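1. Compute the structure for the input listed below.
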Amino acid sequence: MPAQKRKPTICYITGDWSWGTEPLQPNGCAWYRCKLPMDELGKRGWITGMGFPGFSKDKGFGLIVQEGQVIHGWDIVVMKLLMQREVLEGMDYAESLGQKVVVDIDDWYEGLPESNNAFKTTHPKNNPNSNREIYKEIINRAFAVTVSTPFLYDHYSKIRKNVYLVRNGIDIHADGRWQTVYRNSAKHRLSIGWVGATNWRSHDVEQLAPWIGDYLKANNLMFHHSGHCLSSPAIADLMQIPKNKVKLSGLAPILSYPQLFRHFDIGIVPLNNIPFNHAKSFIKGLEYAAAGVPFVASYSPEYEYLSASGIGRIARSDDEWMGHFDSLLDAKTRMYERERNREILHSFSMQVRGIEWDMTMRSILETKV
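-> Residues are numbered from 1 along each chain as shown. This is a model prediction of the structure:
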């Protein structure tokens, strides 16, 4: 009998975890760019793992499974949001041992606006041993880079080789995770809503402030913010909405996250027209579509692409925002878009993306150093 071919191995290492959850759950970035791709690769013949980074000069990078124990021996190691100096220092050792280190990029940290909380937390002056300048070096030093948008692909392809584009996908086929909920308009006043954290997106949501409060009042609507945190700027203040027009839901770990979309009828994706947002993926739009919430997004290249595919609406001006809202106040229009979005969403599912991830990682595995 011919010898069986050894299965390729890949691990995802990250510090992007939701502390306090039991069992420990990844945050959104690690969920979409590590956990879901890992699951798809596991279905396609890979031996996979995900966890905190461990390291040995003799064995390279590995997964910490419990205190003092690390699983080593991975062909490919994918790093997500690791900015520590010791990670950079370990990369030469790892690749000298034959490991291929890949950095996955889903946000353009080089273009962070000062209003984003991550601008301060990743600034070299505030964090000399873990910051975006070290992250930039880690990206440049990696064997390969995977990115989620064409903007990121174009940017990194100009400065390094082995750059691969795999757009984000959503786990709509996971049992019970995403469910369409039809709100009873007889029991609930119609609501516009946003899911997000204001400490990262304050300037984006402020763009609606000049008119949305008046629009809510004129149409007897509520506004619902899912992702509220007491230590972050209040959505009512940022958007200049009377507090009696605002309802709030707190943050939720990733496994409970879809429930945050069940409190409103129309979703928004407000994004300022800046390079940082041009680099962002359309994942929020996919989430709205999976939850059965028709939505309006500011212009960005990725939301234009999503809209051209048949999911979501684009607003380039205040008048266009209000025009889309006027249309979506009609229950039949919302129902139609809800069903259309869900139908088209299958082409953005992780089942489809899993094929792309498999092809990408096998290509990286076969590429010579």
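2. Residue 61: helix or strand, and which one exactly?
-> Per DSSP states H and E, residue 61 falls inside strand 60-66.
3. buried set for that strand?
-> Of the residues in strand 60-66, 60, 61, 62, 63 count as buried by neighbour count, 16 or more other C-beta atoms under 10 Å. (Each C-beta comes from the backbone N, C-alpha and C, glycine too.)
4. What pairs with that strand, parallel or antiparallel?
-> strand 47-56 (antiparallel), strand 69-71 (antiparallel) (DSSP bridges).
5. Extract the C-alpha set from it and format it as PDB.
-> Taking Å, rounded to 0.1, in the frame of the first residue of the first chain, the C-alpha atoms of strand 60-66 are listed here in PDB:
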ATOM      1  CA  GLY A  60       9.400  28.100  16.700                       C
ATOM      2  CA  PHE A  61       5.900  29.400  17.300                       C
ATOM      3  CA  GLY A  62       3.200  27.200  18.800                       C
ATOM      4  CA  LEU A  63      -0.100  27.200  20.700                       C
ATOM      5  CA  ILE A  64      -0.300  27.500  24.500                       C
ATOM      6  CA  VAL A  65      -2.800  24.900  25.600                       C
ATOM      7  CA  GLN A  66      -2.300  25.300  29.300                       C
END
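6. Give me the three-state assignment for residue 13.
-> strand (DSSP: H, G, I helix; E, B strand; the rest coil).
7. re earlier: which one of the strands paired with strand 60-66 has the most crowded surroundings?
-> Greatest average neighbour count among those goes to strand 47-56 (a mean of 18), per mean count of other C-beta atoms under 10 Å.
8. tell me the domain ranges of this protein?
-> The chain breaks down by automatic domain parsing into domains covering 9-169+349-366, 191-348.
9. can you tell which of those is closest to residue 180?
-> With C-beta to C-beta, the closest approach to residue 180 among those belongs to domain 191-348: 3.1 Å.
10. Can you give me the first-to-last residue distance of the closest one?
-> With C-alpha to C-alpha, to the nearest Å as the measure, domain 191-348 spans 27 Å from end to end.
11. Reformat the strands paired with strand 60-66 as a markdown table; add mean pLDDT and distance to residue 239.
-> Shown next, in a markdown table, are these (pLDDT from 0 to 100; distance: least, C-beta to C-beta, whole Å):
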| stretch | mean pLDDT | distance to residue 239 |
| --- | --- | --- |
| strand 47-56 | 95 | 37 |
| strand 69-71 | 91 | 47 |
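12. Out of these, the one nearest residue 173 is which?
-> Closest among the strands paired with strand 60-66, using C-beta to C-beta: strand 47-56, at 18.3 Å.
13. Distance from the chain centre to the helix or strand of the chain with the lowest mean pLDDT, please.
-> Lowest on mean pLDDT, DSSP states H and E among the helices and strands of the chain sits strand 60-66, with a mean of 89. From the chain centre to the centre of strand 60-66 is a distance of 24 Å (C-alpha atoms, centre = their mean, to the nearest Å).
14. what does stretch 194-205 rub up against?
-> 113, 115-118, 223-229, 231-235, 238-239, 251, 260-261, 267-272, 277, 284, 287-288, 298 (C-beta atoms under 8 Å, 6 or more residues apart in numbering).
15. Swap in 7 Å and give it another go.
-> Applying C-beta atoms under 7 Å, 6 or more residues apart in numbering, the contact partners of stretch 194-205 are 113, 115-118, 225-227, 229, 232-233, 235, 238-239, 260-261, 267-268, 270-272.
16. before we move on, what about stretch 145-156?
-> Outside of stretch 145-156, the residues that reach it under the criterion C-beta under 7 Å, 6+ apart are 33, 102-106, 108, 139, 160, 162-168, 278-281, 301-302, 360.
17. what's the neighbour count on residue 113?
-> 16 (other C-beta atoms under 10 Å).
18. any idea of the pLDDT on it?
-> We have a pLDDT of 92 for residue 113.
19. does the closest residue to it other than its chain neighbours sit in a helix, a strand or a coil?
-> Spatially, and ignoring its direct neighbours in sequence, residue 113 is nearest to residue 276 (5.7 Å; C-beta to C-beta, 6 or more residues apart in numbering). Under three-state DSSP, the three-state class of residue 276 is helix.
20. Good, wrapping up.
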